[in-house]
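*Asks:* sequence? don't have it. structure:
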């Protein structure tokens, strides 16, 4: 599949058709005043989840990420962010409750360190994942435990200068797929294979040994910042991707 050109910028106008996938990127390390403002949008269960974090930084990042999710979805639904209501799948994947007037609106969210990504579509199941690229001395051990044999072989064969990027390519691509499926880690990571070599197009190569099942999916590499790896998985093809940068002035 031809990989689309991804450009991050402010939206000229906000509309969503059945062939659109829109991705928002936001900085979630924010001043206390903005954290407090966004906390007022959250429901009681979200506040309880925020308070469960031991470290204040993690708690604040969750509040900002969740508050911005409400703001983004509120734009599409044309309702106040505090009125957005969620339900959860049997594996915990969040979705819009029918009481939000969402119709078939689909979304997914991921955050790592101080950055969050949000994917929104009208009808297509979608998954997104982002990871801050950092030294991983045990990357090959983690890969040997969780990745498919072919992915391990590819990772081991790469020069040392590419291994770190390749590991996070593989991890985010796998995570985005299982998040799109909605089954989380109930899907063993070694039951499907993805491309991971830096510079090569992102692809799901096989699912349970079947290239035909893999061909039903599209996998897109995203680069929201130079020190992050990210991927988006979506059912089908023939879509248009727009990537928006959320401005702190919109908070």
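*Replies:* That came in fine, so what should we check first? Small disclaimer: the values here were computed from a predicted structure and weren't measured.

*Asks:* use CA for all of it now, contacts and neighbours both
*Replies:* Noted.

*Asks:* So which residues of the stretch 151-251 of the chain form helices?
*Replies:* 160-181, 211-214 (DSSP state H, counting those that start in this stretch).

*Asks:* Mind putting the ones you listed into TSV with distance to residue 29?
*Replies:* Below are these laid out as TSV (distance: least, CA to CA, whole Å):
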stretch	distance to residue 29
helix 160-181	22
helix 211-214	36
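
*Asks:* just so I know, which of these lies nearest residue 122?
*Replies:* Nearest to residue 122 among the helices of the stretch 151-251 of the chain is helix 160-181 (13.9 Å), distances taken as CA to CA.

*Asks:* hang on, the earlier thing: among the helices of the stretch 151-251 of the chain, show me which one is buried the most.
*Replies:* Ranked by mean neighbour count, those are led by helix 160-181 with a mean of 22 (mean count of other CA atoms under 10 Å).

*Asks:* contacts for that one?
*Replies:* Here helix 160-181 makes contact (CA atoms under 8 Å, 6 or more residues apart in numbering) with 93, 108, 125-131, 133-136, 139, 143, 155-156, 184-185, 187, 189, 194-198, 202, 219, 221, 229-234.

*Asks:* Would you mind checking the residues you listed for buried ones?
*Replies:* 93, 108, 125-131, 133, 139, 143, 155, 184, 189, 194-198, 202, 219, 221, 229-234 (16 or more other CA atoms under 10 Å).

*Asks:* wait, which of the helices of the stretch 151-251 of the chain is closest to residue 41?
*Replies:* helix 160-181 (25.0 Å).

*Asks:* how far is the closest one from where the chain is centred?
*Replies:* Relative to the centre of its chain, helix 160-181 is centred 12 Å away, using CA atoms, centre = their mean, to the nearest Å.

*Asks:* Check the average confidence over it, would you?
*Replies:* Taken as a whole, helix 160-181 carries a mean pLDDT of 95.

*Asks:* Am I right that residue 240 is in contact with residue 16?
*Replies:* No: at 10.2 Å, residue 240 and residue 16 do not qualify as touching, with contact defined as CA atoms under 8 Å.

*Asks:* got the residue ranges for the strands in the protein?
*Replies:* Ranges of strands in the chain, per DSSP state E, are 8-9, 20-27, 86-88, 94-96, 106-112, 115-121, 126-132, 192-194, 204-207, 217-222, 228-235, 240-245.

*Asks:* rank these by mean pLDDT and give me the bottom one.
*Replies:* strand 8-9 (a mean of 65).

*Asks:* Quickly note the distance from the residue positioned nearest the centre of the chain to residue 225.
*Replies:* Nearest to the mean C-alpha position of the chain, by CA atoms, centre = their mean, lies residue 128 at 2.2 Å. Between residue 128 and residue 225 the distance is 15 Å, computed by CA to CA, to the nearest Å.
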